[in-house]
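1. have a look; sequence and predicted model below, questions after that.
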Amino acid sequence: MEKDDLILFKKWFSDYCKSFYSSDIEDQKNISLKEHHTDRVRENIVEISRRLSLDGHKTMLAEAVALFHDIGRFPQYAQYKTFRDSVSVNHGLLGAQILLKEGILHALPENDRGLIIEAVKFHNAFSIPKKANNTVAFFIKLIRDADKLDIWRVFIEYYESSDKNMARAITLELPDIPEYSKDILSYFSQKRVVSHSQLKTVNDFKILQLSWLYDLNFTPSFQLFSDRDYLSRMMAQLPQTEEIQEITRSLENFVNQRLKND
Ligand SMILES: [Fe+2]
C-alpha cells in the first residue's frame, strides 16, 4: 500500500458518507456522528502507531483500517435507523462485505487487502478470533483500542452535554434512569468485559464501557485514556455509591499498573 492509495481511500470514504446524508435532522446527526468518529479514530490509531514506533507502511495500513472500520454503520443506520447490531446487522461484517463488493481495495497487494478486511470484520467482535494470524491480530488490537478511545470521548461528551438532543442512537434506546444492575459489578472483580446482554439501563451501559479497559491492549492507549481523564469523567456520570467508588479505585489501580508496563 502506498500514500496515494490512502489519499484515494479518504476521497472514497468522504463521498461514501455524503451518499448517506439526510434532510432529517436526527438522521443527519447520527450519520455525522459516525463520520466525525471515524476521523478521531484515525487520529487515535496514528498516535498509537507513532508511540509504538511502527514503520510508515504499518502506520498507513492502520490508518486505512481506521478509515474503513465503521463503513457498515452507514447502511446499517439507513436501513434500520439504529446502531444496535443485535437488532439489525453486525456492522463489522457488513463493512467487510462492502469493501469486497465495492472493490475499493482491489489495487492493493493481497496481504494488505486481506489484513484490512479482516481487521474491519472483527473490530467489533466480543474478542479477537483465535484463528487470526499474528499480524492480523495486531491490527485488530490496534483498531479496537483506537475505536474504544473515541467511543469514550463520544459518550463523555454526550453525558456532559446539557443538549440531550445530541445523536440519540448512541445510548441504544436504553432507559436513562438512576438505577444500575448489581449483577454486572461482579465482572470487575474478575477483570472481565461486561456482556451487552446484561444491559438494562444507561448507567449499565456506562459501567459496561468502563469494563472495556480490561480489553485495552497497548500501553499508549492507556496513556491516552489517562491523559484525557476519561476515568474520572465517566465516573462523575454514575451514582456515587460505595460500590461504584470501589470500582473506581480498582480501575485506577488497573490503569496505573498498565501504565507502569511501559
Ligand atoms: Fe464499529
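-> Yep, it's here.
2. quick one, what contacts I48?
-> Each residue near I48 by C-beta atoms under 8 Å, 6 or more residues apart in numbering is listed here: 62, 142, 145-146, 218, 220-221, 224. Every C-beta, even on glycine, is put in place using the N, C-alpha and C of the backbone.
3. tell me which of those residues is nearest to the ion?
-> Set against the ion, the nearest of the contacts of I48 by C-beta to the ion is A146 (10.7 Å).
4. before we move on, back to that, neighbour count, secondary structure and distance to D5 added to the contacts of I48, as TSV?
-> Shown next, in TSV, are these (neighbours: other C-beta atoms under 10 Å; DSSP: H, G, I helix; E, B strand; the rest coil; distance: C-beta to C-beta, whole Å):
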residue	neighbour count	secondary structure	distance to D5
A62	26	helix	14
L142	27	helix	18
D145	23	helix	23
A146	29	helix	20
F218	21	coil	25
P220	18	helix	25
S221	24	helix	26
L224	21	helix	27
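5. out of those, which touch the ion?
-> By C-beta under 5 Å from the ion, no member of the contacts of I48 lies near the ion.
6. I'd like those as TSV, with distance to K131 and pLDDT appended.
-> Shown next, in TSV, are these (distance: C-beta to C-beta, whole Å; pLDDT from 0 to 100):
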residue	distance to K131	pLDDT
A62	21	98
L142	18	98
D145	21	98
A146	23	98
F218	22	97
P220	27	97
S221	24	98
L224	29	98
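7. just those residues now: which is nearest Y80?
-> Relative to Y80, the closest of the contacts of I48 is A146; by C-beta to C-beta it sits at 25.3 Å.
8. ok, the closest one - contacts?
-> Residues near A146 by C-beta under 8 Å, 6+ apart: 41-42, 44-45, 48, 62, 66, 221.
9. could you export the residues you listed as CSV, including secondary structure?
-> Listed next are those as CSV, based on DSSP: H, G, I helix; E, B strand; the rest coil:
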residue, secondary structure
V41, helix
R42, helix
N44, helix
I45, helix
I48, helix
A62, helix
A66, helix
S221, helix
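10. and L94, how far from the ion?
-> L94 sits 10 Å away from the ion, going by C-beta to the ion, to the nearest Å.
11. ok, now which ones touch that residue?
-> L94 makes contact with 72, 75-76, according to C-beta under 8 Å, 6+ apart.
12. tell me the residues of the stretch 101-250 of the chain that contact the ion?
-> N124.
13. do that again at 6 Å, thanks
-> 123-124, 147 (C-beta under 6 Å from the ion).
14. which of those residues scores worst on pLDDT?
-> Checked by pLDDT, those have N124 as the lowest-scoring entry (94).
15. isn't it right up against H91?
-> Yes: proximity of N124 to H91 meets the contact threshold set by C-beta atoms under 8 Å, at 6.5 Å.
16. please identify which of those two sits among more neighbours.
-> Using other C-beta atoms under 10 Å as the criterion, N124 and H91 rank with H91 on top: 24 against 19.
17. what is the most widely separated pair among the contacts of I48?
-> A62 and L224 (14.6 Å).
18. which one of the contacts of A146 sits closest to the ion?
-> Distance to the ion across the contacts of A146 (C-beta to the ion) is lowest for V41, with 8.6 Å.
19. dump the residue contacts of the closest residue to the ion within the stretch 151-262 of the chain.
-> Distance from the ion to each residue of the stretch 151-262 of the chain (C-beta to the ion) is smallest for I151, at 8.3 Å. Neighbouring residues of I151 by C-beta under 8 Å, 6+ apart: 37, 209, 212.
20. mind checking which helix or strand of the chain has the lowest mean pLDDT?
-> Sorting the helices and strands of the chain by mean pLDDT, DSSP states H and E puts helix 186-189 at the bottom, at a mean of 90.
21. so after it, what's the next helix or strand?
-> Proceeding N to C from helix 186-189, the next assigned helix or strand is helix 202-211, under DSSP states H and E.
22. so the helix or strand V154 falls within versus helix 202-211, what angle?
-> Element membership of V154 [criterion: DSSP H and E] is helix 134-160. Inter-element angle recorded for helix 134-160 and helix 202-211: 140 degrees (by axes from the mean of the first three to the mean of the last three C-alpha atoms, to 10 degrees).
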